[in-house]
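Asker: model this:
(one chain, ligands or ions: 1)
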Amino acid sequence: MLDVRNVTRMFGTKAAVDNISFHVDGPAFVGIIGRSGAGKSTFLRMLNRLTDASSGEILVDGVNVLALGGAAKRQWQSQCAMVFQQFNLVPRMDVASNVLHGLLGHRSTFATLFNLWSEEDIRRTLQILDRLGISEQAPKRAEALSGGQQQRVAIARALMQDPKIILADEPIASLDPMNAQIVMETLKRIQTEDGRMVIANLHTLDTARRYCDRVIGMRDGRIVFDGRPDQLTLGVAREIYGADHTFSESATSTELGALENDTEYAFAMLGD
Ligand SMILES: Nc1ncnc2c1ncn2[C@@H]1O[C@H](COP(=O)(O)OP(=O)(O)OP(=O)(O)O)[C@@H](O)[C@H]1O
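Answerer: Now for the predicted structure:
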């Protein structure tokens, strides 16, 4: 289904993504891990055409999406919806309207300008919000919701596009552990129940182990690990994160206790 072939993105003389290739057959949950600057976001942005690749091909069901232009490119962009760390909702707009905005690519400017949503669109919105357990939030302004609820609204907006692939760029990096778990479980449900592919950039090993079918480790733009979550040993993690013997599991963990024990090191690993 997804075939990434020798994809590179240069910024000046630096390769942010350096000749990466991998293949995913079915609608799997793929996690991409690696320290800050490894090239994870650049890869996702190339896949949904927010950033152009310098070379290479990405085939989705046999079509090279990097070569699409005009309407075909926009059509592809609505097929691979993106979820961001900071949710990217319109804060003062109500939740239902935020979700309906997932349809923007499918509608005329006129209809959008005058907020002319069909009954079917509104019914689907409420159905999706209900599925994600936040239907009672529909009339509230997005800014009034907790971070975890806002991220579920962002996932609902993505689902309105009925995408083949959901790309999530550090979807839980701004959330507390409990909300992080709810959001990851929501993404996992969508992947298994709907048969959609999810590709998520994650910065914690325990999250990757728990939710992913496949983990890709990136370092300096290159893939240095590609395997099952149970193959993510401490040694492999050290290679991905470029850490020496002082590297500890807790440094890339979302567990509260672990973070409290090792906060300074964790921030160093994340490059903050
Ligand atoms: N628009 C840009 N112009 C120049 N360099 C860029 C640009 N975008 C990314 N880079 C560089 O490309 C490299 C990869 O960045 P990228 O954001 O993809 O990494 P990342 O693994 O997603 O890290 P993070 O988790 O911090 O977002 C970094 O060295 C970054 O500075």
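
Asker: I'd like the next helix or strand past the helix or strand hosting A156.
Answerer: Assigning secondary structure by DSSP states H and E places A156 in helix 147-160. Note on helix 147-160: by DSSP H and E, the next helix or strand toward the C-terminus is strand 165-169.

Asker: What residue in the stretch 51-200 of the chain comes nearest to the ligand?
Answerer: E170 (6.3 Å; CB to the nearest ligand atom). All C-beta spots, glycine's among them, are computed from the backbone N, C-alpha and C.

Asker: gap between V30 and M1?
Answerer: 11 Å (CB to CB, to the nearest Å).

Asker: And L159, by the same measure?
Answerer: 19 Å.

Asker: Those two: which is more packed in?
Answerer: Counted by other CB atoms under 10 Å, L159 and M1 do not tie: L159 has more neighbours, with 23 against 15.

Asker: Hmm, the more buried one is touching I190, no?
Answerer: Yes - here L159 reaches I190: they are 6.9 Å apart, a contact under CB atoms under 8 Å.

Asker: most centrally placed residue in the protein?
Answerer: Centroid-nearest residue in the chain, with CA atoms, centre = their mean: A168, separated by 0.7 Å.

Asker: Kindly state the beta-bridge partners for it.
Answerer: Beta bridges link A168 to V83, A200 when assigned by DSSP bridges.

Asker: can you pull the contacts of it?
Answerer: Contact analysis of A168 by CB atoms under 8 Å, 6 or more residues apart in numbering lists M82, V83, L187, V198, I199, A200, N201.

Asker: Same question for V224.
Answerer: G217, M218, E239, I240.

Asker: What is the three-state secondary structure of it?
Answerer: What DSSP: H, G, I helix; E, B strand; the rest coil gives for V224 is strand.

Asker: Could you check how far it is from the ligand?
Answerer: 13 Å (CB to the nearest ligand atom, to the nearest Å).
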